[in-house]
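> Please work out how this folds:
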Amino acid sequence: MTFKKLMTSAIATTVLSAGAVAAEEVKIGIAAEPYPPFASLNASGEWEGWEVEIIDAVCKAAELDCVITPVAWDGIIPSLTGQQVDAIMASMSITEERQKTIDFSDPYYNTPAVIVADKSMDIEPTAESLSGKIIGIQASTIHQAYANEYFGDAAEIRVYQTQDEANQDLVSGRIDATQADSIAMADFVNSDIGTCCEIKGSVENDEAILGQGVGAGVRKGDDALRESLNKGIAQILEDGTHEEITGRYFDTSIYAE
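Below is the predicted model of the structure:
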């Protein structure tokens, strides 16, 4: 073989090897904004929380080399379709509207949406009870869509970029209530800052808006990755890893079929 052919062969091998390594790495998009107890930065600048551990467990079970990639929540779907990330695992509910743009894995958790308000307020999670109130909602979430649909005619909807900002305004009295995931809000009301408030109850379920649980979002047609993630999710549910991780954060299961 000539020197030129040897070099061409070596270059081709190097390119193929590099491509193989790159193909094995999966960028998992999470929201850059803190969302405890699911995902937040610790004092060392590392991501931690229930969902971070679930991501690690799913990827290990699926034999995927995953890299957590923080993305601003309101741009997380465009970052997926634009190929900045390969999958989204950021407490994103599986909804009909989102399924028009991206595909989803099987659910890996499912919890209700709740209304939270000051303990002194006599509020129920209904349009009648919330009439005239100011409700804080995180932007670009199922909760914003639900509040606009069910409470928008009766209450003022105030939109925030993060749930943490809504919680802060709830504590300070600038809003009367907020709607969010029950587990995230349980963590809030049990914290030092959230002792003022309590969960007033779950909103009436509307699966078309609130979705069918939380799944991993992937690009349309990326069936190979979706099936790999499904394999990982199924394995950690079957072998008890999901339950073990959940037990370190919550008192009850947060997975419902």
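> Could you list the low-pLDDT ranges of the stretch 151-257 of the chain?
256-257 (pLDDT under 70).
> got the residue ranges for the helices in it?
Along the stretch 151-257 of the chain, counting by DSSP state H, counting those that start in this stretch, helices occupy 163-172, 182-189, 207-210, 223-238, 241-247.
> what's the offset of the first one from the middle of its chain?
Okay, so that is helix 163-172. 19 Å (C-alpha atoms, centre = their mean, to the nearest Å).
> going forward, begin numbering at 157 instead of 1
Sounds good: first residue 157 from here, last item helix 319-328.
> how big is the angle separating it from helix 338-345?
50 degrees (axes from the mean of the first three to the mean of the last three C-alpha atoms, to 10 degrees).
> same question, the longest one
Put simply, helix 379-394 runs at 60 degrees to helix 338-345, going by the same axes, to 10 degrees.
> Would you mind listing the buried residues in helix 379-394?
381, 382, 384, 385, 386, 387, 388, 389, 390, 391, 392, 393 (16 or more other C-beta atoms under 10 Å). The C-beta positions use only the backbone N, C-alpha and C, and glycine is treated the same way.
> Any idea how many residues pack against the nearest residue to the last one once chain neighbours are set aside?
In this structure, residue 393 finds its nearest non-sequential neighbour in residue 411, 6.9 Å apart by C-beta to C-beta, 6 or more residues apart in numbering. Using other C-beta atoms under 10 Å as the criterion, residue 411 is surrounded by 16 other residues.
> tell me the contacts of residue 406?
193, 206, 339, 342 (C-beta atoms under 8 Å, 6 or more residues apart in numbering).
> quick one: it from residue 389, how far?
Here the criterion is C-beta to C-beta, to the nearest Å. By it, residue 406 lies 18 Å from residue 389.
> And residue 338, by the same measure?
Residue 338 sits 21 Å away from residue 389, going by C-beta to C-beta.
> want to try a markdown table for the contacts of residue 406, with neighbour count as columns?
Formatted as a markdown table, these follow (neighbours: other C-beta atoms under 10 Å):
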| residue | neighbour count |
| --- | --- |
| 193 | 19 |
| 206 | 21 |
| 339 | 21 |
| 342 | 19 |
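> Taking these together, which two end up most distant?
For the contacts of residue 406, with distances taken as C-beta to C-beta, the pair at the greatest spread is 206 and 342 (12.1 Å).
> What pLDDT is listed against residue 180?
We have a pLDDT of 67 for residue 180.
> Can you check the pLDDT for the residue nearest to the spatial centre of the chain?
In the chain, the centroid-proximal residue (C-alpha atoms, centre = their mean) is residue 247; its distance is 1.5 Å. You'll see residue 247 listed with a pLDDT of 95.
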